[in-house]
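Student: structural data only, the sequence is not supplied:
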């Protein structure tokens, strides 16, 4: 069964924050700027229930193997890549809104999570991460974990 790697640690840093580019300002003016190597941000939702924190990410066209999730006690970083499926690179685009290449999002968690209660599902272009909340003062130590998709 294919799985996605989830890394636990203390320091999550966003690459996108480091690489603000001139091209980013002009993306809406000229769609050809969408083909640059810049990092894009997929749309995501984060919400919580009494016992869980749930993150949903819209990442259609991304393979499970191309997703990496890093988790700290304060944030979740979701990175990966989507390969371009443009059949003709010589075509003249009139509209180019679908982004390809590397993506990255860092979401800050509203409460401490229990690393023993983490699950991931990926279906129809949506990634869903479910984190159990930690209600005790016993914070787990750092480690790498692979989680099978349901």
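Tutor: Yes, it's here. Note that the structure is a prediction, hence the values are computed from the model and not measured.

Student: from now on I want contacts and neighbour counts done on CA atoms only, so please keep to that.
Tutor: OK.

Student: show me the shaky parts of this structure.
Tutor: 1-3, 13-37, 136-150 (pLDDT under 70).

Student: please, where are all the helices along it?
Tutor: Applying DSSP state H to the chain gives helices spanning 15-18, 22-25.

Student: what residue, apart from its backbone neighbours, is nearest the residue most central in space within the chain spatially?
Tutor: Among the residues of the chain, the smallest C-alpha distance to the mean C-alpha position (CA atoms, centre = their mean) belongs to residue 78, namely 2.7 Å. Distances taken as CA to CA, 6 or more residues apart in numbering place residue 69 nearest to residue 78, at 4.6 Å, with adjacent residues excluded.

Student: the one you found contacts residue 79, correct?
Tutor: Yes - contact criterion CA atoms under 8 Å: residue 69 and residue 79 qualify, at 6.5 Å.

Student: my read: the residue nearest to the centre of the chain touches residue 102, true?
Tutor: No - with contact taken as CA under 8 Å, residue 78 and residue 102 are classed as non-touching, separated by 10.8 Å.

Student: next, the contact list for the closest residue to residue 119 other than its chain neighbours, please.
Tutor: Once flanking residues are discounted, residue 119 sits nearest to residue 130: 5.3 Å by CA to CA, 6+ apart. Residues touching residue 130, when contacts are defined by CA atoms under 8 Å, 6 or more residues apart in numbering, comprise 52-55, 117-120.

Student: what's near enough to touch residue 113?
Tutor: 53, 73, 131-134.
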